[in-house]
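Engineer: Quick one, what's the 3D model for this:
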Amino acid sequence: MNKEEITSIIENALKSGDKTPGIFDLAKIMAIKAEIQSCTTVNAVLGLIEEHRDLISKAFGLSEDVIEETVQKIRAIEG
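Structural biologist: Okay, the predicted model is just below:
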């Protein structure tokens, strides 16, 4: 698994949002980030994104299309 590439894909998606996580969401977002960084498989990363999809979308102001595009890009890494 190419962690740098996955991190880049996720960071670019989050930057495209129109919000910054609020103080109450920040701790949750940081915990999700730590979990993603400790993942060893693409499927584990995708599982976390799916599990926390609503929070990520709300906290960063992301559309469903942006999240789905991000998931597809990460899946493409796996081949």
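Engineer: going forward, measure contacts and count neighbours with C-alpha atoms only.
Structural biologist: Will do.
Engineer: hmm, who's touching stretch 23-33?
Structural biologist: If you take C-alpha atoms under 8 Å, 6 or more residues apart in numbering as the criterion, stretch 23-33 is touched by 21, 48, 52, 55-56, 59.
Engineer: That one - what's its average pLDDT?
Structural biologist: Stretch 23-33 carries an average pLDDT of 95.
Engineer: what's the distance between that stretch and the middle of its chain?
Structural biologist: Centre-to-centre, stretch 23-33 and its host chain are 12 Å apart (C-alpha atoms, centre = their mean, to the nearest Å).
Engineer: Report the residue spans of the protein with pLDDT below the cut-off.
Structural biologist: Per-residue confidence for the chain (pLDDT under 70) gives these ranges: 79.
Engineer: Please give the element, helix or strand, for the nearest residue to Val66 once chain neighbours are set aside.
Structural biologist: Closest residue in space to Val66, ignoring its immediate chain neighbours: Ala13 at 6.7 Å, by C-alpha to C-alpha, 6 or more residues apart in numbering. Element membership for Ala13 (DSSP states H and E) is helix 3-15.
Engineer: Same question for Asp54.
Structural biologist: helix 53-60.
Engineer: That helix: which residues count as buried?
Structural biologist: Using 16 or more other C-alpha atoms under 10 Å as the test for burial, helix 53-60 gives 53, 56-57, 59-60.
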